[in-house]
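*Asks:* Fold the following, please.
(chains A, B and C)
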Amino acid sequence: MVEHLHSDGEEPCVTLDAFLNQSNATAVRLESDEDARALIPYLDRLKLIEVAFPKFRDGRGYSSARILREAGYAGELRAQGDVLVDQIAYMKRCGFDSFAPEKPLDPADVEAALTRWPEHYQTAADGAVPIWKLRHG
Amino acid sequence: MKLLTGNDLKTGFVTWWTGADWSLHIEDAADVGEQGEAILAAEEGARRVNAPYIIAGEMTPDGPRPAHIKDRIRALGPTVRPDLTLKPADPNAGDWVI
Amino acid sequence: MYKYDEYDHAMVAARVAEFSDQVRRRLAGEITEDQFKPLRLMNGLYLQLHAYMLRVAVPYGTLDSRQMRMLAHIARKYDRDYGHFTTRQNIQYNWIKLEDAPAILEDLASVEMHAIQTSGNCIRNISSDQWAGAAADEITDPRPWAELLRQWSSFHPEFSYLPRKFKIAVIAADEDRAAMRLHDIGIQIVEKDGQHGAAFYVGGGMGRTPMIAPLIKDFVPLEDMLSYAEACLRVYNRYGRRDNIYKARIKILIHELGADEYRRQVEEEWAHVKSLGIDPPKAEFDRIAAQFAPPALDASAPDEIDRSDPDFAVWVDQNVAKHKMPGHAIVNISLKPVGGIPGDASSAQIDLMADLAEKYSHDELRVTHAQNIVLPHVRKADLYAIWQALDAAGLATPNLDLISDIIACPGLDYCSLANARSIPVAQKIAARFSDLGRQKELGELKLKISGCINACGHHHAGHIGILGVDRKGTENYQLLLGGSGAEDVSLGTITGPGFDEDGIVDAIERVTDKYLAERAEGERFVDTYRRVGMAPFKEAIYG
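*Replies:* Numbering: from 1, shown residues only, chains lettered A, B, ... in the order given. Model prediction:
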């Protein structure tokens, strides 16, 4: 299921540089070429991290998301930009729980994409039990 | 002359713009002059062609001939399988490519 | 052989459903070609010169007869009655209709096959040694590890939009029959202190910037193989170049960082990743390995071969290899008849090879990176019957590893990336050297042809390599000498100015004549080249 699609009317994200310069912001935006690990010391006070997908082919954001979740980040993790319906199932597995696509997605297609996969082969950041574990109880 | 070519969206087969429609046969191809870009955009939008592009060619007694060997092979078929080209009965069809 | 369980079936079925829906949306105009392209590529569907081309995965090159027959069925029903076996142990169909693609994937799924991740910037089909499980020199069967990697890499959520494509090979013998060190990751299962582990070579590849993979870690405990691979990939996904498609492969990253710095980053990542529970337990490996248990071979099968038919004896000497079990042999079926198209097989030939596998080879076949087919587990007593059947179907050319056993990409006859045709050049060379005695006199000589710089025909790794280029609108061929994709891996060197189609055949003849004049006792062509260097060959070619 999709937790929520992004809606307006919340605290705007600051840039990573602004955040690291002792901002009190609780929402930060990570560009695709920025190091997610720079945020690790601050994860407990962040409410929202927005990860940019300037082009859907730029897959760095998938690693950024996993690094943040693996470090224990529990706040909202948003994929923003060239976010297409055919990518969001992978994004969700990497730990994203909200989506701000530049071009609106068809809600039925979103639902279909997120319910497509019965199980998963790998451990990822979504807590899904991998197939190899299901096989061995 | 300028020719407009692409692949049929459903079948993938090579097609040529005839001035009014698409044909598998380069003999039917029309000179698109300066209209190529406009036709290309409209036809791609209508999903009547996939990955269309404009090429240079010349008119010969045998019909339009693309300037580049790649497009001549596209127009005929694989030179190593004459039976699968558009001229399976002509054993020398491959000579047109070279 | 690995058999799907309910989970594997469900995953492939979900993929077929997903792609069917994506095709529907494309045909309905809901998505653009730009958006559809990466989706169809991740299902192996290209738009090529004449039509769509479908690349079907043959995981680690292993097939059973039922799967092989399905490949023939697809050729007959949806294509033009033939398929093309590739250098990555896959099969390609050249005349596929987009509207048929979902039905083809359903047919494939019915025999536990798919086209998943056979293209796109993701982890591709895992390749391996075509003699795995049969070779006398392997320390273990590498395929269970390849299957483990296949499952781990399938629909990997983090690594499906990598900077560029990613190819992995796994072998378990010192003799490298899979061009392991020319892969993005080459894994060799090795033994140390009685334990098996994985040596990781990372950053090899061909293409426009060929590189031999450096050793990044000499011994990864097998239970950590997936987490180590995950660490290798994560460093690449984060830092591989995305500004220039020609510099986006992992080999460029490792070249720019240096192997030591890349290794340091991977170790740092691995220290973290290893704790995440990515590696399956031994029970899962054991479950997979049990399915690759050696077939029940009769150790008392007679070891003698009746060589009274001279044509048969010639074929045995050239195309039959040693099996680990006495009384048995590995049959290599050449798809390189003189005048043929390297790697192509008709549906009737594919069916015949399936029949022979079912009857004589414990229902197993392999595809090789040299574009041939293998029957891995054959009783020596059955070799004559197999040869007769192959010979009747034009499949008994006795030229394995000889100059006419040419690797050739489809080239400009089929491929939209190509600059020149490869197949006609291969045919002319095979015709020039068609005398078998002459070929045998030249001995092992691996000739590899690519129709463009992307190097699908492995020209950098040929003892003799040919690269087709476009010179002002005409086809031109560069000659390379001294490459190897085997355990003596090396990259070929360009001889000098290129040739036209007939000129390249003449140049190769001058090179082989020079070899015959220069060679010392027991030297292969590539050995002589390495000893005497380029200069004598250059002189022979250009005067």
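*Asks:* residues from chain B in reach of chain C?
*Replies:* B:7, B:9-14, B:44, B:47, B:50-51, B:67-70, B:73-74, B:77-81, B:84 (Cβ under 8 Å from any Cβ of the partner chain). (C-beta placed from N, C-alpha, C; glycine too.)
*Asks:* Cross the residues you listed against helices and list the overlap.
*Replies:* B:44, B:69-70, B:73-74 (DSSP state H).
*Asks:* So which bits of the lowest-mean-pLDDT helix or strand in chain C are buried?
*Replies:* Least confident helix or strand, chain C: helix C:33-41 with a mean of 91, by mean pLDDT, DSSP states H and E. Using 16 or more other Cβ atoms under 10 Å in any protein chain shown as the test for burial, helix C:33-41 gives C:35-41.
*Asks:* do the same with stretch C:293-304
*Replies:* Buried-residue list, stretch C:293-304, by 16+ other Cβ under 10 Å: C:295, C:297.
*Asks:* for C:A455, what are its contacts?
*Replies:* Going by Cβ atoms under 8 Å, 6 or more residues apart in numbering or on different chains, C:A455 touches C:206-208, C:210, C:467.
*Asks:* List just the nearest of those residues to C:D363.
*Replies:* C:M206 (33.5 Å; Cβ to Cβ).
*Asks:* so that closest one touches C:H460, yeah?
*Replies:* Yes. Counting by Cβ atoms under 8 Å, C:M206 touches C:H460, with 5.1 Å between them.
*Asks:* okay, and the common contacts of the two?
*Replies:* Counting by Cβ under 8 Å, 6+ apart, the residues touching both C:M206 and C:H460 are C:L182.
*Asks:* separation between A:I40 and chain C?
*Replies:* 11 Å (Cβ to the nearest Cβ, to the nearest Å).
*Asks:* and if you look at A:R45?
*Replies:* 22 Å.
*Asks:* Who are the packing partners of the least confident helix or strand of chain C?
*Replies:* helix C:6-27 (3 or more Cβ pairs under 8 Å, 6 or more residues apart in numbering or on different chains; DSSP states H and E).
*Asks:* Please export the C-alpha coordinates of the helix it packs on as CSV.
*Replies:* Output in CSV follows, covering the C-alpha atoms of helix C:6-27 (Å, rounded to 0.1, in the frame of the first residue of the first chain):
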residue,chain,number,x,y,z
GLU,C,6,6.2,-21.9,-5.8
TYR,C,7,8.0,-18.7,-5.0
ASP,C,8,10.1,-18.7,-8.2
HIS,C,9,6.9,-19.4,-10.3
ALA,C,10,5.0,-16.6,-8.6
MET,C,11,7.8,-14.1,-9.1
VAL,C,12,8.2,-14.9,-12.8
ALA,C,13,4.4,-14.9,-13.2
ALA,C,14,4.2,-11.4,-11.6
ARG,C,15,6.8,-10.2,-14.0
VAL,C,16,4.9,-11.5,-17.0
ALA,C,17,1.8,-9.7,-15.7
GLU,C,18,3.7,-6.5,-15.1
PHE,C,19,5.2,-6.5,-18.5
SER,C,20,1.9,-7.4,-20.2
ASP,C,21,0.4,-4.3,-18.5
GLN,C,22,3.3,-2.1,-19.5
VAL,C,23,3.0,-3.3,-23.2
ARG,C,24,-0.8,-2.6,-23.0
ARG,C,25,-0.1,1.0,-21.7
ARG,C,26,2.5,1.6,-24.4
LEU,C,27,0.2,0.4,-27.2
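*Asks:* Do any residues in it lie close to chain B?
*Replies:* Yes. Contact of helix C:6-27 with chain B (Cβ under 8 Å from any Cβ) involves C:26-27.
*Asks:* and what of stretch C:339-358?
*Replies:* Yes. Judged by Cβ under 8 Å from any Cβ, stretch C:339-358 and chain B are in contact via C:I341.
*Asks:* quick one: average pLDDT of that stretch?
*Replies:* Over the span of stretch C:339-358, the pLDDT mean works out to 98.
*Asks:* Count the neighbours of the residue in chain B positioned nearest to chain A for me.
*Replies:* Of all residues in chain B, B:G45 sits closest to chain A, at 17.2 Å by Cβ to the nearest Cβ. For B:G45, the number of neighbouring residues by other Cβ atoms under 10 Å in any protein chain shown comes to 11.
*Asks:* In contact with it, which residues?
*Replies:* Contacts for B:G45 (Cβ under 8 Å, 6+ apart) come out as none.
*Asks:* any idea how far it is from C:K322?
*Replies:* When distance is defined by Cβ to Cβ, to the nearest Å, B:G45 is 61 Å away from C:K322.
*Asks:* do the same with C:D5
*Replies:* 34 Å.
*Asks:* tell me the SS of the closest residue to chain B within chain A?
*Replies:* Per Cβ to the nearest Cβ, A:K103 is where chain A lies closest to chain B, at 17.2 Å. The local conformation at A:K103, judged by DSSP: H, G, I helix; E, B strand; the rest coil, is coil.
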